[in-house]
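Peer 1: please work out how this folds:
(2 chains)
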There are 2 protein chains.
Amino acid sequence: MSSPALSARPALLFDLDGTLVDSVYQHVLAWREALHEEGLDLSVWRIHRRIGMSGGLFLKALERELGASIGEAQAERLRQLHAKGLLKRLDQIRPLPGARELLGTLSSMGVPWAIATSGGEKTARPTLAMLGIPDSTPVVTRDQVAYAKPNPDLFLAAAERLRVPPGDCFVVGDSIWDLLAAQRAGSLGVGVLSGGYGREELEQAGAYRVYEDPADLLAHLDELGIRAGS
Amino acid sequence: MSSPALSARPALLFDLDGTLVDSVYQHVLAWREALHEEGLDLSVWRIHRRIGMSGGLFLKALERELGASIGEAQAERLRQLHAKGLLKRLDQIRPLPGARELLGTLSSMGVPWAIATSGGEKTARPTLAMLGIPDSTPVVTRDQVAYAKPNPDLFLAAAERLRVPPGDCFVVGDSIWDLLAAQRAGSLGVGVLSGGYGREELEQAGAYRVYEDPADLLAHLDELGIRAGS
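Peer 2: Just a heads-up that it's a prediction; the model follows:
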(Lines give C-alpha, C1' and ligand atoms only; values in the text may rest on other atoms or scores of the structure.)
Protein backbone atom coordinates (compact mmCIF):
# COMPACT_ATOMS: atom_id res chain seq x y z
CA MET A 1 0.00 0.00 0.00
CA SER A 2 1.47 3.38 -1.03
CA SER A 3 1.45 6.26 1.39
CA PRO A 4 -1.03 9.09 0.64
CA ALA A 5 0.26 12.06 -1.36
CA LEU A 6 1.33 15.03 0.75
CA SER A 7 0.59 18.52 -0.51
CA ALA A 8 3.54 20.88 -0.34
CA ARG A 9 3.47 23.62 2.30
CA PRO A 10 1.76 26.61 0.75
CA ALA A 11 3.69 29.69 -0.30
CA LEU A 12 2.54 33.25 -0.98
CA LEU A 13 3.43 35.21 -4.10
CA PHE A 14 2.76 38.93 -3.71
CA ASP A 15 2.21 41.63 -6.24
CA LEU A 16 3.92 44.90 -5.20
CA ASP A 17 2.10 48.12 -6.20
CA GLY A 18 -1.35 48.39 -4.60
CA THR A 19 -0.79 45.11 -2.72
CA LEU A 20 2.14 45.81 -0.39
CA VAL A 21 2.82 49.46 -1.21
CA ASP A 22 0.29 52.31 -1.55
CA SER A 23 1.57 53.46 -4.92
CA VAL A 24 -1.17 52.84 -7.50
CA TYR A 25 -2.54 56.39 -7.61
CA GLN A 26 0.96 57.85 -8.00
CA HIS A 27 1.61 55.41 -10.88
CA VAL A 28 -1.69 56.49 -12.44
CA LEU A 29 -0.88 60.21 -12.32
CA ALA A 30 2.72 59.60 -13.46
CA TRP A 31 1.33 57.85 -16.55
CA ARG A 32 -1.22 60.64 -17.11
CA GLU A 33 1.59 63.18 -17.01
CA ALA A 34 3.84 61.11 -19.32
CA LEU A 35 1.05 60.71 -21.88
CA HIS A 36 0.15 64.39 -21.67
CA GLU A 37 3.79 65.38 -22.29
CA GLU A 38 3.64 63.30 -25.47
CA GLY A 39 0.41 65.02 -26.52
CA LEU A 40 -1.74 61.98 -25.68
CA ASP A 41 -4.75 62.65 -23.44
CA LEU A 42 -6.51 59.66 -21.92
CA SER A 43 -9.11 59.61 -19.14
CA VAL A 44 -7.48 58.84 -15.81
CA TRP A 45 -9.78 55.90 -14.91
CA ARG A 46 -8.70 54.11 -18.10
CA ILE A 47 -5.07 54.39 -16.96
CA HIS A 48 -5.99 53.12 -13.47
CA ARG A 49 -7.62 50.02 -14.99
CA ARG A 50 -4.32 49.20 -16.81
CA ILE A 51 -1.88 49.55 -13.92
CA GLY A 52 -0.10 46.27 -13.20
CA MET A 53 -0.46 44.81 -16.67
CA SER A 54 2.43 44.31 -19.07
CA GLY A 55 3.77 47.58 -20.52
CA GLY A 56 3.45 46.18 -24.05
CA LEU A 57 -0.22 45.34 -23.57
CA PHE A 58 -0.77 48.72 -21.89
CA LEU A 59 0.54 50.44 -25.02
CA LYS A 60 -1.65 48.25 -27.27
CA ALA A 61 -4.71 49.24 -25.22
CA LEU A 62 -3.63 52.88 -25.41
CA GLU A 63 -3.36 52.69 -29.18
CA ARG A 64 -6.91 51.36 -29.41
CA GLU A 65 -8.34 53.90 -26.99
CA LEU A 66 -6.53 56.86 -28.53
CA GLY A 67 -7.08 55.64 -32.08
CA ALA A 68 -3.40 56.45 -32.70
CA SER A 69 -0.30 54.37 -33.31
CA ILE A 70 2.60 54.49 -30.82
CA GLY A 71 6.03 53.75 -32.28
CA GLU A 72 8.91 52.12 -30.41
CA ALA A 73 10.73 55.44 -29.90
CA GLN A 74 7.63 57.08 -28.40
CA ALA A 75 6.95 53.98 -26.25
CA GLU A 76 10.45 54.26 -24.84
CA ARG A 77 9.99 57.99 -24.13
CA LEU A 78 6.70 57.22 -22.34
CA ARG A 79 8.42 54.59 -20.17
CA GLN A 80 11.17 57.06 -19.25
CA LEU A 81 8.69 59.87 -18.52
CA HIS A 82 6.57 57.54 -16.37
CA ALA A 83 9.60 56.38 -14.37
CA LYS A 84 10.67 60.00 -13.88
CA GLY A 85 7.14 61.00 -12.81
CA LEU A 86 6.96 58.12 -10.35
CA LEU A 87 10.35 58.80 -8.77
CA LYS A 88 9.27 62.45 -8.36
CA ARG A 89 6.27 61.23 -6.31
CA LEU A 90 8.21 58.75 -4.14
CA ASP A 91 7.83 60.88 -1.02
CA GLN A 92 4.03 60.43 -1.25
CA ILE A 93 4.32 56.63 -1.24
CA ARG A 94 4.01 54.48 1.91
CA PRO A 95 3.84 50.77 2.67
CA LEU A 96 0.19 49.70 2.99
CA PRO A 97 -1.10 49.13 6.55
CA GLY A 98 0.04 45.75 7.80
CA ALA A 99 2.41 45.03 4.89
CA ARG A 100 5.63 44.90 6.92
CA GLU A 101 3.89 42.99 9.73
CA LEU A 102 2.40 40.47 7.30
CA LEU A 103 5.75 39.70 5.65
CA GLY A 104 7.51 39.53 9.02
CA THR A 105 4.86 37.17 10.40
CA LEU A 106 5.11 34.84 7.40
CA SER A 107 8.89 34.72 7.77
CA SER A 108 8.72 33.92 11.46
CA MET A 109 6.09 31.24 10.74
CA GLY A 110 8.46 29.67 8.21
CA VAL A 111 6.02 30.26 5.34
CA PRO A 112 7.85 30.86 2.05
CA TRP A 113 6.92 34.05 0.19
CA ALA A 114 8.16 36.08 -2.78
CA ILE A 115 7.31 39.28 -4.66
CA ALA A 116 6.48 39.38 -8.40
CA THR A 117 5.86 42.73 -10.08
CA SER A 118 5.12 43.90 -13.63
CA GLY A 119 7.22 46.94 -12.76
CA GLY A 120 10.81 47.26 -13.87
CA GLU A 121 13.82 47.21 -11.54
CA LYS A 122 14.12 51.01 -11.72
CA THR A 123 10.70 51.84 -10.29
CA ALA A 124 10.35 48.72 -8.09
CA ARG A 125 13.63 49.06 -6.19
CA PRO A 126 12.79 52.23 -4.18
CA THR A 127 9.31 51.00 -3.21
CA LEU A 128 10.71 47.57 -2.21
CA ALA A 129 13.13 49.44 0.05
CA MET A 130 10.16 50.89 1.98
CA LEU A 131 9.14 47.38 3.05
CA GLY A 132 12.32 46.82 5.03
CA ILE A 133 12.72 43.26 3.73
CA PRO A 134 15.98 41.26 3.71
CA ASP A 135 18.20 41.47 0.61
CA SER A 136 17.74 37.72 0.22
CA THR A 137 13.98 38.11 -0.49
CA PRO A 138 13.08 36.47 -3.81
CA VAL A 139 11.88 39.32 -6.05
CA VAL A 140 10.96 38.86 -9.71
CA THR A 141 10.67 42.05 -11.79
CA ARG A 142 9.59 42.69 -15.37
CA ASP A 143 13.19 42.56 -16.60
CA GLN A 144 13.56 38.91 -15.61
CA VAL A 145 10.78 37.30 -17.64
CA ALA A 146 9.61 37.24 -21.25
CA TYR A 147 6.02 38.35 -20.58
CA ALA A 148 4.46 40.30 -17.69
CA LYS A 149 0.94 39.97 -16.25
CA PRO A 150 -1.66 38.76 -17.12
CA ASN A 151 0.77 36.13 -18.46
CA PRO A 152 1.71 33.78 -15.62
CA ASP A 153 5.51 34.05 -16.15
CA LEU A 154 6.24 36.36 -13.19
CA PHE A 155 4.39 34.14 -10.72
CA LEU A 156 5.79 30.92 -12.23
CA ALA A 157 9.32 32.30 -11.86
CA ALA A 158 8.59 33.35 -8.26
CA ALA A 159 7.23 29.88 -7.40
CA GLU A 160 10.32 28.30 -8.96
CA ARG A 161 12.58 30.53 -6.85
CA LEU A 162 10.76 29.20 -3.77
CA ARG A 163 10.81 25.60 -5.10
CA VAL A 164 7.08 25.34 -4.44
CA PRO A 165 4.72 24.01 -7.15
CA PRO A 166 2.50 26.87 -8.47
CA GLY A 167 -0.58 24.85 -7.48
CA ASP A 168 0.52 25.15 -3.84
CA CYS A 169 0.96 28.94 -4.07
CA PHE A 170 -1.48 31.71 -3.27
CA VAL A 171 -1.14 34.76 -5.49
CA VAL A 172 -2.06 37.97 -3.64
CA GLY A 173 -2.83 41.00 -5.81
CA ASP A 174 -4.94 44.14 -6.14
CA SER A 175 -5.68 44.04 -9.87
CA ILE A 176 -7.50 41.76 -12.25
CA TRP A 177 -4.17 41.23 -14.06
CA ASP A 178 -2.75 39.50 -10.97
CA LEU A 179 -5.80 37.29 -10.68
CA LEU A 180 -5.87 36.32 -14.35
CA ALA A 181 -2.15 35.47 -14.14
CA ALA A 182 -2.85 33.43 -10.99
CA GLN A 183 -5.45 31.39 -12.85
CA ARG A 184 -3.04 30.74 -15.72
CA ALA A 185 -0.31 29.75 -13.26
CA GLY A 186 -2.68 27.29 -11.61
CA SER A 187 -2.44 29.14 -8.28
CA LEU A 188 -5.26 30.25 -6.01
CA GLY A 189 -5.95 34.00 -6.26
CA VAL A 190 -6.50 36.28 -3.28
CA GLY A 191 -7.54 39.88 -3.90
CA VAL A 192 -6.94 43.06 -1.90
CA LEU A 193 -8.99 46.25 -2.29
CA SER A 194 -6.01 48.51 -1.63
CA GLY A 195 -5.33 49.19 -5.31
CA GLY A 196 -8.76 50.71 -5.84
CA TYR A 197 -10.57 47.91 -7.71
CA GLY A 198 -13.95 46.83 -6.36
CA ARG A 199 -14.53 43.50 -4.63
CA GLU A 200 -16.87 42.20 -7.36
CA GLU A 201 -14.33 42.80 -10.14
CA LEU A 202 -11.65 40.90 -8.26
CA GLU A 203 -13.99 38.01 -7.52
CA GLN A 204 -15.04 37.85 -11.15
CA ALA A 205 -11.37 37.69 -12.19
CA GLY A 206 -10.89 34.66 -9.97
CA ALA A 207 -10.20 35.81 -6.39
CA TYR A 208 -11.58 33.19 -4.01
CA ARG A 209 -11.15 35.61 -1.11
CA VAL A 210 -10.88 39.40 -1.04
CA TYR A 211 -9.39 41.35 1.87
CA GLU A 212 -9.17 45.11 2.38
CA ASP A 213 -5.38 45.33 2.60
CA PRO A 214 -2.36 43.43 4.03
CA ALA A 215 -3.48 44.16 7.62
CA ASP A 216 -6.85 42.53 6.93
CA LEU A 217 -5.18 39.55 5.23
CA LEU A 218 -2.83 39.13 8.19
CA ALA A 219 -5.85 38.99 10.54
CA HIS A 220 -7.38 36.20 8.42
CA LEU A 221 -4.34 34.05 7.50
CA ASP A 222 -6.18 31.00 8.86
CA GLU A 223 -8.75 31.36 6.03
CA LEU A 224 -5.97 30.50 3.55
CA GLY A 225 -4.97 27.44 5.52
CA ILE A 226 -1.61 28.99 6.44
CA ARG A 227 -0.01 27.22 9.41
CA ALA A 228 3.24 27.82 11.22
CA GLY A 229 5.82 25.41 9.79
CA SER A 230 8.64 23.44 11.32
CA MET B 1 -63.90 59.94 -19.49
CA SER B 2 -60.73 61.53 -18.13
CA SER B 3 -57.72 61.80 -20.39
CA PRO B 4 -54.77 59.46 -19.59
CA ALA B 5 -52.00 60.86 -17.36
CA LEU B 6 -49.02 62.22 -19.25
CA SER B 7 -45.54 61.68 -17.81
CA ALA B 8 -43.41 64.80 -17.73
CA ARG B 9 -40.56 65.09 -20.21
CA PRO B 10 -37.52 63.56 -18.59
CA ALA B 11 -34.66 65.70 -17.31
CA LEU B 12 -31.04 64.81 -16.50
CA LEU B 13 -29.31 65.71 -13.23
CA PHE B 14 -25.53 65.38 -13.48
CA ASP B 15 -22.91 64.94 -10.84
CA LEU B 16 -19.76 66.96 -11.67
CA ASP B 17 -16.44 65.36 -10.57
CA GLY B 18 -15.82 62.03 -12.32
CA THR B 19 -19.04 62.39 -14.30
CA LEU B 20 -18.50 65.48 -16.48
CA VAL B 21 -14.95 66.43 -15.47
CA ASP B 22 -11.92 64.11 -15.10
CA SER B 23 -11.02 65.33 -11.63
CA VAL B 24 -11.53 62.43 -9.19
CA TYR B 25 -7.88 61.36 -8.97
CA GLN B 26 -6.75 64.93 -8.36
CA HIS B 27 -9.36 65.26 -5.58
CA VAL B 28 -8.06 61.98 -4.11
CA LEU B 29 -4.44 63.10 -4.02
CA ALA B 30 -5.38 66.58 -2.77
CA TRP B 31 -7.15 64.90 0.18
CA ARG B 32 -4.19 62.58 0.76
CA GLU B 33 -1.89 65.58 0.89
CA ALA B 34 -4.23 67.54 3.20
CA LEU B 35 -4.50 64.60 5.62
CA HIS B 36 -0.76 64.03 5.55
CA GLU B 37 -0.10 67.71 6.37
CA GLU B 38 -2.31 67.23 9.43
CA GLY B 39 -0.36 64.10 10.42
CA LEU B 40 -3.18 61.75 9.34
CA ASP B 41 -2.15 58.94 7.00
CA LEU B 42 -4.91 57.00 5.28
CA SER B 43 -4.61 54.53 2.38
CA VAL B 44 -5.37 56.25 -0.90
CA TRP B 45 -8.05 53.76 -2.02
CA ARG B 46 -10.07 54.55 1.12
CA ILE B 47 -10.06 58.22 0.16
CA HIS B 48 -11.10 57.36 -3.42
CA ARG B 49 -14.12 55.43 -2.14
CA ARG B 50 -15.30 58.54 -0.21
CA ILE B 51 -15.02 61.14 -2.98
CA GLY B 52 -18.41 62.67 -3.80
CA MET B 53 -19.98 62.04 -0.42
CA SER B 54 -20.84 64.75 2.09
CA GLY B 55 -17.77 66.29 3.75
CA GLY B 56 -19.28 65.70 7.18
CA LEU B 57 -19.80 61.99 6.52
CA PHE B 58 -16.31 61.81 4.98
CA LEU B 59 -14.83 63.11 8.23
CA LYS B 60 -16.93 60.64 10.27
CA ALA B 61 -15.58 57.77 8.15
CA LEU B 62 -12.06 59.15 8.55
CA GLU B 63 -12.44 59.21 12.31
CA ARG B 64 -13.48 55.56 12.34
CA GLU B 65 -10.71 54.47 9.97
CA LEU B 66 -7.99 56.45 11.73
CA GLY B 67 -9.33 55.62 15.17
CA ALA B 68 -8.85 59.31 16.01
CA SER B 69 -11.18 62.19 16.66
CA ILE B 70 -11.22 65.21 14.32
CA GLY B 71 -12.33 68.48 15.88
CA GLU B 72 -14.10 71.32 14.05
CA ALA B 73 -10.92 73.42 13.79
CA GLN B 74 -8.97 70.54 12.24
CA ALA B 75 -11.90 69.72 9.93
CA GLU B 76 -11.85 73.30 8.68
CA ARG B 77 -8.06 73.19 8.14
CA LEU B 78 -8.49 69.93 6.17
CA ARG B 79 -11.15 71.51 3.95
CA GLN B 80 -8.89 74.50 3.28
CA LEU B 81 -5.85 72.30 2.56
CA HIS B 82 -7.90 70.11 0.22
CA ALA B 83 -9.22 73.12 -1.70
CA LYS B 84 -5.68 74.50 -1.99
CA GLY B 85 -4.35 71.12 -3.16
CA LEU B 86 -7.09 70.81 -5.75
CA LEU B 87 -6.63 74.32 -7.14
CA LYS B 88 -2.89 73.57 -7.45
CA ARG B 89 -3.76 70.57 -9.67
CA LEU B 90 -6.30 72.40 -11.86
CA ASP B 91 -4.00 72.36 -14.89
CA GLN B 92 -4.14 68.53 -14.84
CA ILE B 93 -7.96 68.49 -15.02
CA ARG B 94 -9.92 68.16 -18.27
CA PRO B 95 -13.56 67.72 -19.23
CA LEU B 96 -14.31 64.01 -19.76
CA PRO B 97 -14.60 62.86 -23.38
CA GLY B 98 -18.02 63.76 -24.75
CA ALA B 99 -19.06 65.93 -21.77
CA ARG B 100 -19.36 69.20 -23.68
CA GLU B 101 -20.98 67.44 -26.64
CA LEU B 102 -23.50 65.64 -24.42
CA LEU B 103 -24.60 68.84 -22.67
CA GLY B 104 -24.75 70.72 -25.96
CA THR B 105 -26.83 67.96 -27.57
CA LEU B 106 -29.29 67.89 -24.68
CA SER B 107 -29.72 71.67 -24.89
CA SER B 108 -30.33 71.58 -28.62
CA MET B 109 -32.83 68.72 -28.15
CA GLY B 110 -34.69 70.85 -25.60
CA VAL B 111 -34.05 68.32 -22.81
CA PRO B 112 -33.73 70.03 -19.41
CA TRP B 113 -30.57 69.30 -17.43
CA ALA B 114 -28.77 70.55 -14.33
CA ILE B 115 -25.61 69.90 -12.32
CA ALA B 116 -25.62 68.91 -8.62
CA THR B 117 -22.30 68.47 -6.80
CA SER B 118 -21.23 67.67 -3.23
CA GLY B 119 -18.32 70.03 -3.89
CA GLY B 120 -18.36 73.58 -2.60
CA GLU B 121 -18.57 76.68 -4.79
CA LYS B 122 -14.80 77.29 -4.42
CA THR B 123 -13.62 74.02 -5.98
CA ALA B 124 -16.62 73.52 -8.31
CA ARG B 125 -16.48 76.90 -10.06
CA PRO B 126 -13.16 76.42 -11.95
CA THR B 127 -14.06 72.90 -13.13
CA LEU B 128 -17.53 74.06 -14.21
CA ALA B 129 -15.78 76.72 -16.28
CA MET B 130 -14.00 73.98 -18.27
CA LEU B 131 -17.35 72.73 -19.55
CA GLY B 132 -18.10 75.96 -21.42
CA ILE B 133 -21.73 75.98 -20.29
CA PRO B 134 -23.99 79.06 -20.23
CA ASP B 135 -24.12 81.13 -17.04
CA SER B 136 -27.82 80.36 -16.86
CA THR B 137 -27.15 76.63 -16.27
CA PRO B 138 -28.85 75.45 -13.07
CA VAL B 139 -26.01 74.38 -10.75
CA VAL B 140 -26.55 73.25 -7.15
CA THR B 141 -23.45 73.13 -4.94
CA ARG B 142 -22.87 71.96 -1.38
CA ASP B 143 -23.36 75.47 0.00
CA GLN B 144 -26.99 75.59 -1.16
CA VAL B 145 -28.45 72.58 0.69
CA ALA B 146 -28.56 71.22 4.23
CA TYR B 147 -27.13 67.77 3.45
CA ALA B 148 -24.94 66.53 0.61
CA LYS B 149 -24.92 63.05 -0.99
CA PRO B 150 -25.94 60.34 -0.30
CA ASN B 151 -28.82 62.47 1.01
CA PRO B 152 -31.11 63.37 -1.89
CA ASP B 153 -31.18 67.13 -1.18
CA LEU B 154 -28.81 68.19 -3.99
CA PHE B 155 -30.75 66.29 -6.65
CA LEU B 156 -34.13 67.35 -5.25
CA ALA B 157 -33.02 70.99 -5.40
CA ALA B 158 -31.77 70.51 -8.97
CA ALA B 159 -35.08 68.92 -10.05
CA GLU B 160 -36.98 71.79 -8.45
CA ARG B 161 -34.86 74.33 -10.35
CA LEU B 162 -35.88 72.55 -13.57
CA ARG B 163 -39.52 72.24 -12.41
CA VAL B 164 -39.47 68.52 -13.24
CA PRO B 165 -40.72 65.94 -10.70
CA PRO B 166 -37.74 63.90 -9.34
CA GLY B 167 -39.44 60.71 -10.57
CA ASP B 168 -39.07 62.01 -14.13
CA CYS B 169 -35.35 62.75 -13.69
CA PHE B 170 -32.33 60.59 -14.46
CA VAL B 171 -29.44 61.08 -12.07
CA VAL B 172 -26.08 60.50 -13.79
CA GLY B 173 -23.10 59.89 -11.52
CA ASP B 174 -19.80 58.02 -11.13
CA SER B 175 -20.02 57.09 -7.45
CA ILE B 176 -22.24 54.99 -5.26
CA TRP B 177 -23.14 58.19 -3.33
CA ASP B 178 -24.83 59.60 -6.43
CA LEU B 179 -26.77 56.41 -6.96
CA LEU B 180 -27.88 56.07 -3.36
CA ALA B 181 -29.02 59.72 -3.44
CA ALA B 182 -30.85 59.00 -6.71
CA GLN B 183 -32.77 56.17 -5.06
CA ARG B 184 -33.74 58.38 -2.13
CA ALA B 185 -34.85 61.13 -4.53
CA GLY B 186 -37.02 58.64 -6.41
CA SER B 187 -35.04 59.19 -9.62
CA LEU B 188 -33.60 56.57 -11.96
CA GLY B 189 -29.83 56.18 -11.54
CA VAL B 190 -27.37 55.97 -14.43
CA GLY B 191 -23.72 55.18 -13.69
CA VAL B 192 -20.52 56.15 -15.50
CA LEU B 193 -17.20 54.35 -15.03
CA SER B 194 -15.17 57.53 -15.47
CA GLY B 195 -14.71 58.09 -11.74
CA GLY B 196 -12.93 54.77 -11.28
CA TYR B 197 -15.65 52.67 -9.63
CA GLY B 198 -16.39 49.26 -11.17
CA ARG B 199 -19.57 48.50 -13.07
CA GLU B 200 -20.78 45.95 -10.53
CA GLU B 201 -20.52 48.38 -7.60
CA LEU B 202 -22.57 50.99 -9.45
CA GLU B 203 -25.22 48.45 -10.44
CA GLN B 204 -25.45 47.22 -6.87
CA ALA B 205 -25.96 50.80 -5.67
CA GLY B 206 -28.92 51.14 -8.02
CA ALA B 207 -27.68 52.09 -11.50
CA TYR B 208 -30.08 50.61 -14.05
CA ARG B 209 -27.58 51.36 -16.84
CA VAL B 210 -23.80 51.96 -16.69
CA TYR B 211 -21.85 53.74 -19.44
CA GLU B 212 -18.13 54.30 -19.75
CA ASP B 213 -18.21 58.09 -19.81
CA PRO B 214 -20.28 61.01 -21.19
CA ALA B 215 -19.29 60.12 -24.79
CA ASP B 216 -20.66 56.59 -24.32
CA LEU B 217 -23.85 57.93 -22.70
CA LEU B 218 -24.34 60.37 -25.60
CA ALA B 219 -24.11 57.46 -28.05
CA HIS B 220 -26.86 55.60 -26.14
CA LEU B 221 -29.30 58.40 -25.21
CA ASP B 222 -32.12 56.39 -26.79
CA GLU B 223 -31.67 53.75 -24.06
CA LEU B 224 -32.86 56.32 -21.50
CA GLY B 225 -35.93 57.16 -23.59
CA ILE B 226 -34.61 60.66 -24.30
CA ARG B 227 -36.37 62.24 -27.26
CA ALA B 228 -35.97 65.60 -28.92
CA GLY B 229 -38.66 67.88 -27.50
CA SER B 230 -40.82 70.60 -28.95
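
Peer 1: point out the residues in chain A that sit beside chain B.
Peer 2: Residues of chain A lying close to chain B by C-beta under 8 Å from any C-beta of the partner chain are A:18, A:22, A:24-26, A:28-29, A:32-33, A:36, A:41, A:43-45, A:48, A:92, A:94, A:96-97, A:193-201, A:204, A:213. Where C-beta positions appear, they are placed from N, C-alpha and C, glycine not excepted.

Peer 1: break chain A down into its domains, please.
Peer 2: A:11-22+A:94-224, A:24-92 (automatic domain parsing).

Peer 1: TSV for the ones you listed, including distance to residue B:11?
Peer 2: Below are these laid out as TSV (distance: least, C-beta to C-beta, whole Å):
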stretch	distance to residue B:11
domain A:11-22+A:94-224	29
domain A:24-92	26
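
Peer 1: please identify the deepest-packed of the ones you listed.
Peer 2: domain A:11-22+A:94-224 (a mean of 21; mean count of other C-beta atoms under 10 Å in any protein chain shown).

Peer 1: now the terminal residues of that domain, how far apart.
Peer 2: In domain A:11-22+A:94-224, first residue to last residue: 10 Å (C-alpha to C-alpha, to the nearest Å).

Peer 1: just how off-centre is that domain within its chain?
Peer 2: In terms of C-alpha atoms, centre = their mean, to the nearest Å, the centre of domain A:11-22+A:94-224 is found 5 Å from the chain centre.

Peer 1: elements contacting the longest helix along chain A?
Peer 2: Taking DSSP state H as the criterion, chain A has its longest helix at helix A:72-88. Applying 3 or more C-beta pairs under 8 Å, 6 or more residues apart in numbering or on different chains; DSSP states H and E, one finds that helix A:72-88 contacts helix A:24-37, helix A:55-66, helix A:121-129.

Peer 1: next, the angle from the longest one to helix A:72-88.
Peer 2: Between the axes of helix A:24-37 and helix A:72-88, defined by axes from the mean of the first three to the mean of the last three C-alpha atoms, to 10 degrees, the angle is 140 degrees.

Peer 1: could you do the last one as well?
Peer 2: With the same axes, to 10 degrees as the criterion, the two stretches helix A:121-129 and helix A:72-88 enclose an angle of 20 degrees.

Peer 1: who touches helix A:121-129?
Peer 2: Identification of contacts with helix A:121-129 by C-beta atoms under 8 Å, 6 or more residues apart in numbering or on different chains yields A:16-17, A:21, A:23, A:82-83, A:86-87, A:90, A:93, A:115, A:117, A:137, A:139, A:141-143.

Peer 1: tell me which helix or strand comes right after that helix.
Peer 2: Moving toward the C-terminus from helix A:121-129, the next helix or strand (DSSP states H and E) is strand A:139-140.

Peer 1: packing partners of that following strand?
Peer 2: Counting by 3+ C-beta pairs under 8 Å, 6+ apart, strand A:139-140 packs on strand A:113-116, helix A:153-162.
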